[in-house]
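**Student:** my questions concern the predicted model and sequence given below.
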Amino acid sequence: MKKFKGNILVVDDEKSMREILEIFLRSEGYAVAVAENGEKAIDAVKKDIFDLIITDMKMPRVSGLELLKNVKQIASDTIVVIITAFGTTDSAVEAMKLGAYDYIQKPFQLDNIRLVVKNALDKQKLQKDVSLLKQQLKPPSLENIIGKSQSMQTLFSVISKTAESNASVLITGESGTGKELVAKAIHSLSPRKDNHFVAVNCAAIPEGLLESELFGYMKGAFTGAASSKQGLFELANDGTLFLDEIGEMPMSLQAKLLRVIEGDTFRRVGGVSDLNVDVRIISATNKDLQEMIEQKLFREDLYFRLNVLSVKIPPLRERRDDISLLVEHFLKKFAGDRKRFSQEAIELLRNYRWKGNVRELENIIERTVLLCDSEIIDAEHLPDEISSARKAEKVTLPSGGMDIDKLMEETEKAYILKALEKTNGVKTEAAKLLNLTFRSFRHKLKKYGIDRKIITD
Ligand SMILES: Nc1ncnc2c1ncn2[C@@H]1O[C@H](COP(=O)(O)OP(=O)(O)OP(=O)(O)O)[C@@H](O)[C@H]1O
Ligand SMILES: [Mg+2]
């Protein structure tokens with residue numbers, strides 16, 4: 001795999017100068033293009049992406065200064081370094097004001113060029129790093145993944161092994177099982193840990209925008225593309241690209257993604273040249289991709305490319321041993337040492353079906369901590385859907401069988417009468433107590449023929 005070190009454009013009307021710079025910069029490991037005048041340079045900038053441009057100041061028709069102005073409009077991220085003849089410092093100063101990164105005076109030493117170019121590109125990378133760092137917290141590693149069950153122990157060792165490799169990984173698991181957490185752990189345990197982890201949720205980006213988000217675009221590639229922009233593939237260079245909800249990726253884009261993975265090169269939207277990247281791809285889905293393949297909704301060839309290594313996260317209900325540990329973890333997160341759960345509450349949490357997996361557990365604990373005033377969180381403080389399991393345990397079925405509809409009606413009627421008694425017969429108040437709309441409350445009164453005498457409107 002080729003390493004993408006930087007794309008440089010050399011602009012000079014003097015052939016020998018172009019050649020010297022071209023040969024020298026190539027030998028330094030950069031990709032180099034040349035232009036013999038300002039017009040051609042502007043054309044090149046419109047078509048291709050350059051990290052840096054070295055241009056002579058004095059050229060016929062379009063000067064270095066003019067070129068600089070154009071570049072700042074077309075591709076504002078591109079660095080411009082100006083070469084000036086001895087004694088023209090004034091225009092060099094003007095160039096700096098217009099956004100040139102630096103200027104070099106003729107005659108120059110190649111060492112000087114090397115230094116200026118390297119510093120400029122390092123600085124550019126640093127700026128990108130800083131803006132990315134602001135967006136993302138440090139990726140967590142294994143310590144953040146809670147679990148002591150056998151299946152989680154197995155998962156931990158799979159994660160560690162996966163991290164050592166450079167192959168694509170497909171993470172599968174139901175919603176809320178921790179797929180993103182695992183993807184971050186793999187990255188932060190891998191040799192790529194000091195480079196970017198770039199996450200993209202394929203379901204959250206509209207189909208029409210996904211391609212330009214992933215691959216970037218050139219100025220003018222479509223309406224609204226006012227300047228060229230890097231895509232997430234470029235941002236993830238030397239790091240990891242996390243394609244979340246890969247099952248949502250449209251077929252048309254699946255073909256493009258496959259080409260990138262196969263060749264390690266891609267083009268920006270509207271671009272004409274190929275870019276090289278070294279990106280490790282981790283993808284995740286809660287969909288059954290095999291089934292999608294059968295339904296012709298997912299490409300089989302892409303599936304094989306993404307699923308070189310597979311990591312399966314079991315649902316929470318299949319590893320109930322982890323629940324009390326997770327409860328403790330989230331309780332600490334949301335309440336510190338201020339609260340604890342009663343044994344009965346923990347039992348209920350252990351037995352619940354957890355369709356939303358760890359995310360649901362986390363949300364419920366956050367909510368419960370917020371709403372419960374006492375130090376001990378008991379069964380009654382848990383949401384109905386969890387505590388109702390306790391009610392179910394307490395009832396017994398009569399030996400002679402029963403009429404459940406009749407029992408429900410009787411219970412309903414009893415509660416309605418109780419509510420009316422409590423509110424001195426004020427219907428609107430009683431409806432509120434029972435969490436019913438006034439309309440449906442009135443309907444029920446009619447149904448049960450509740451005595452009009454006790455009711456006032
Ligand atoms: N084993 C775990 N230990 C601690 N926290 C966990 C664990 N698994 C999941 N979480 C937490 O649960 C929440 C959901 O995790 P995550 O977003 O990684 O799940 P996901 O599988 O990507 O979900 P979805 O399919 O809905 O995108 C996060 O807040 C995460 O920190
Ligand atoms: Mg997710």
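**Tutor:** Looks like it arrived, so ask away. Ligands and ions are numbered 1, 2, ... in the order given.
**Student:** so which residues of the stretch 301-450 of the chain form strands?
**Tutor:** Assigned by DSSP state E, counting those that start in this stretch, the stretch 301-450 of the chain shows strands spanning 309-312, 340-341, 376-377.
**Student:** now do the first one, average pLDDT.
**Tutor:** Throughout strand 309-312, pLDDT has a mean value of 96.
**Student:** the nearest residue to Lys47 once chain neighbours are set aside: how many residues sit nearby?
**Tutor:** Distance criterion C-beta to C-beta, 6 or more residues apart in numbering; nearest residue to Lys47, sequence neighbours excluded, is Val272 at 4.9 Å. The C-beta positions use only the backbone N, C-alpha and C, and glycine is treated the same way. For Val272, the count of nearby residues is 11 (other C-beta atoms under 10 Å).
**Student:** go on, the one 3 residues further on?
**Tutor:** Neighbour count of Leu275, defined by other C-beta under 10 Å: 23.
**Student:** try Asp129
**Tutor:** Neighbourhood size, Asp129 [other C-beta under 10 Å]: 14.
**Student:** swap in Leu434?
**Tutor:** Neighbour tally, Leu434, other C-beta under 10 Å: 15.
**Student:** quick one: contacts for it?
**Tutor:** Tyr415, Ile416, Ala419, Phe441 (C-beta atoms under 8 Å, 6 or more residues apart in numbering).
**Student:** just the buried residues of the residues you listed.
**Tutor:** Ile416, Ala419, Phe441 (16 or more other C-beta atoms under 10 Å).
**Student:** just read off the phi/psi values of the residue nearest to Lys47.
**Tutor:** phi -110, psi -10 (degrees, to the nearest 10).
**Student:** ok, it touching Val45?
**Tutor:** No: Val272 is beyond contact range of Val45, at 12.0 Å (criterion: C-beta atoms under 8 Å).
**Student:** now do the SS call for whichever residue of the chain sits closest to ligand 2.
**Tutor:** The chain approaches ligand 2 most closely through Glu180 (4.2 Å), counting by C-beta to the ion. The local conformation at Glu180, judged by DSSP: H, G, I helix; E, B strand; the rest coil, is helix.
**Student:** please name the nearest non-neighbouring residue to it.
**Tutor:** Asp244 (6.4 Å).
**Student:** per-residue pLDDT, the one you found?
**Tutor:** The model's pLDDT for Asp244 equals 96.
**Student:** that one and Val198 touch, don't they?
**Tutor:** No: counting by C-beta under 8 Å, Asp244 sits too far from Val198 to count as a contact (10.9 Å).
**Student:** higher neighbour count, those two?
**Tutor:** Neighbour count, other C-beta under 10 Å: between Asp244 and Val198, Val198 has more, with 23 against 19.
**Student:** separation between that one and Asp129?
**Tutor:** 12 Å (C-beta to C-beta, to the nearest Å).
**Student:** what does His187 give?
**Tutor:** In terms of C-beta to C-beta, His187 sits 15 Å off from Asp129.
**Student:** same deal with Thr55?
**Tutor:** 27 Å.
**Student:** repeat that for Ile386.
**Tutor:** Applying C-beta to C-beta, the value for Ile386 to Asp129 is 44 Å.
**Student:** again with Ile246
**Tutor:** 26 Å.
**Student:** just Arg114 next, same as before
**Tutor:** Look at Arg114 and Asp129: by C-beta to C-beta, they are 22 Å apart.
**Student:** Leu349 too?
**Tutor:** 42 Å.
**Student:** try Arg268
**Tutor:** Separation of Arg268 from Asp129 (C-beta to C-beta): 21 Å.
**Student:** how about the residues of the stretch 101-250 of the chain by ligand 1?
**Tutor:** Counting by C-beta under 6 Å from any ligand atom, the residues of the stretch 101-250 of the chain close to ligand 1 are Ile145, Ile146, Gly147, Gly173, Ser175, Gly176, Thr177, Gly178, Lys179, Glu180, Leu181.
**Student:** out of those, which are buried?
**Tutor:** Among those, those classed as buried by 16+ other C-beta under 10 Å are Ile145, Ile146, Gly147, Gly173, Gly176, Thr177, Gly178, Lys179, Glu180, Leu181.
**Student:** where is pLDDT lowest across those residues?
**Tutor:** Among those, Gly147 has the lowest pLDDT, at 88.
**Student:** correct me if wrong: that one contacts Arg320.
**Tutor:** No: if you go by C-beta under 8 Å, Gly147 and Arg320 don't touch, sitting 11.3 Å apart.
**Student:** now do the same for Ile104: helix, strand or coil?
**Tutor:** strand.
**Student:** look up the closest residue to it, ignoring the ones flanking it.
**Tutor:** Per C-beta to C-beta, 6+ apart, closest to Ile104 is Ile83, 5.1 Å.
**Student:** residue contacts, the one you found?
**Tutor:** Counted by C-beta under 8 Å, 6+ apart, Ile83 has contacts Asp12, Ile54, Thr55, Asp56, Met57, Gly64, Tyr103, Ile104, Gln105, Lys106, Phe108.
**Student:** go again using 7 Å as the cut-off
**Tutor:** For Ile83, the contact set (C-beta atoms under 7 Å, 6 or more residues apart in numbering) comprises Ile54, Thr55, Asp56, Met57, Ile104, Lys106.
**Student:** for Gly173, same thing?
**Tutor:** Here Gly173 is in contact with Lys179, Asn286, Lys312, Ile313 (C-beta under 7 Å, 6+ apart).
**Student:** switch the cut-off to 6 Å
**Tutor:** Lys179, Ile313 (C-beta atoms under 6 Å, 6 or more residues apart in numbering).
**Student:** show the model's pLDDT score for Asp194.
**Tutor:** Per-residue pLDDT puts Asp194 at 91.
**Student:** run through this structure and note the low-pLDDT ranges.
**Tutor:** Filtered on pLDDT under 70, the chain yields the residue ranges 1-4, 131-140, 390-394, 451-457.
**Student:** bridged to the residue most central in space within it, which residues?
**Tutor:** When C-alpha atoms, centre = their mean is applied to the chain, the residue found nearest the centroid is Ala199 (3.4 Å). Listed beta-bridge partners, Ala199: Phe242 (assigned using DSSP bridges).
**Student:** can you list contacts of the helix or strand where Gly208 lies?
**Tutor:** Assigned by DSSP states H and E, Gly208 belongs to helix 207-215. With contacts defined as C-beta under 6 Å, 6+ apart, helix 207-215 is touched by Ile205, Gly231, Leu232, Phe233, Pro250, Leu253, Phe266, Arg268, Val269.
**Student:** show me which of these are buried.
**Tutor:** Members of these classed as buried by 16+ other C-beta under 10 Å are Ile205, Gly231, Leu232, Phe233, Leu253, Phe266, Arg268, Val269.
**Student:** right, I'll call it a day here.
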